[in-house]
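heads up, no residue letters with this:
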């Protein structure tokens, strides 16, 4: 099922991740620009130092005076390189020793150029300038001064910055998401509490929702409590009205029967009485676990029915076995459970030879409406496969010779259906029929 907390967290984390990504790109671009300016400044500084150190030589070339340059230019493969060229002369810094270094073409006319090349395994940035010295008759008319610096330190610094930036933003985003998750857990605490209390009401562990909800949920909780109270009053009023109706209908029928009606009329009166009983009891069923109603102990109801049936069938060598799991409870109306078990046990006692067995257990793997498993079985002739669906219809009896109205199993089926449960009929290991009911319970 979808979680509101999860949806909120995802809806926040996606824009947050996008925002962090944009910020990282902006900062990375800014850092690269700063690195580029730093590189340019370094090249300019080296160029100015090289030009300032250049001195004319007897052969007309220019070379820097000893010990006037950056020590790195004196160290082979130091990462800083320099060159002074003219049409007929060339000077290279000692740092280029052993390197295949190409500083590019000669420049003239005050040209300036920035380029990139590879010296050995090292990627370098090269700045070249064309310089003309006036007033020096021994100097070449145009000299090209070039300085190069390795890009490795800048690239390493850029990747270090990116790693640190990514790790910091990742850590920050995780901290923000954890903070948001904690806040969501705290903010949605009342919603989870309401869900828990509603579940407890459904399982009959409490009669109504508690108080102290935030203003946004207080109205919902109050309306739910009002709905629960109204539902209980409605069911009580409905059953009282049906009870009065039953009394009003049965009395005239009893008078008609007492007046000595014919056998045909008496039969029809009995049929009418059975139909009235069925419809009134079906209408009086709660239609599912009444919210907030106290659960019913299955063992107590089964024991009472056992004692009653043993008295009713005292002339029959009858054994009624009870195997009820400790603490098994039915979430619903006590009268409905009594009616269900009474019809099934009475039917089993009627058809059995000597033995009836009733068992009840709780199956936690099932849903809330089918958690209670009730089984009634006997050692009688059983019900054939083709009759199992037919006997659940109103007015149908498996054996027309046996007295009855054919309403008991139909009432059981209707009540189980109203509770959202299941009723199954199959063969019992005892030899007769086995009725399995799945009802709300705990």
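Structure received. These figures come from a predicted structure and were not determined experimentally. Numbers count the residues shown, from 1 in each chain.

Show me what the longest helix along the chain is packed against.
When the chain is parsed with DSSP state H, its longest helix is helix 4-53. Counting contacts by 3 or more C-beta pairs under 8 Å, 6 or more residues apart in numbering; DSSP states H and E, helix 4-53 packs against strand 80-85, strand 122-131, strand 143-150, helix 152-187. Placement of C-beta: from N, CA and C, glycine included.

Direction included, what does the second one pair up with?
In other words, strand 122-131. Applying DSSP bridges, strand 122-131 is found paired with strand 112-119 (antiparallel), strand 143-150 (antiparallel).

show me where the chain has helices.
Using DSSP H, helices in the chain cover 4-53, 71-74, 152-187, 189-202, 215-258, 263-284, 298-312, 334-351, 408-418.

By mean pLDDT, show me the worst of those helices.
Within these, the stretch with the lowest mean pLDDT is helix 263-284, showing a mean of 65.

Could you say which of the strands paired with strand 122-131 is packed most deeply?
strand 143-150 (a mean of 24; mean count of other C-beta atoms under 10 Å).

okay, the angle between that one and strand 80-85?
170 degrees (axes from the mean of the first three to the mean of the last three C-alpha atoms, to 10 degrees).

Show the end-to-end separation of stretch 368-375, please.
Terminal residues of stretch 368-375 are spaced 18 Å apart (C-alpha to C-alpha, to the nearest Å).

quick revisit: tabulate the strands paired with strand 122-131 (JSON lines), appending distance to residue 156 and mean pLDDT.
Below are the strands paired with strand 122-131 laid out as JSON lines (distance: least, C-beta to C-beta, whole Å; pLDDT from 0 to 100):
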{"stretch": "strand 112-119", "distance to residue 156": "17", "mean pLDDT": "90"}
{"stretch": "strand 143-150", "distance to residue 156": "10", "mean pLDDT": "91"}
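
Could you dump the ones you listed into CSV with distance to residue 364 added?
Formatted as CSV, those follow (distance: least, C-beta to C-beta, whole Å):
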stretch, distance to residue 364
strand 112-119, 72
strand 143-150, 71
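
For residue 91, find the nearest of the helices of the chain.
Among those, the nearest to residue 91 by C-beta to C-beta is helix 4-53 (10.1 Å).

Which residue ranges make up the domains of this protein?
4-157, 204-284, 296-439 (automatic domain parsing).

just those: most buried one?
With neighbours taken as mean count of other C-beta under 10 Å, the domains of the chain reach their highest mean count in domain 296-439, at a mean of 18.

end to end, how far does it reach?
Distance between the boundary residues of domain 296-439 (C-alpha to C-alpha) amounts to 12 Å.

Residue 45 versus residue 70, what's the distance?
9 Å (C-beta to C-beta, to the nearest Å).

anything in contact with each of those two?
Counting by C-beta atoms under 8 Å, 6 or more residues apart in numbering, residue 70 and residue 45 have no contacts in common.
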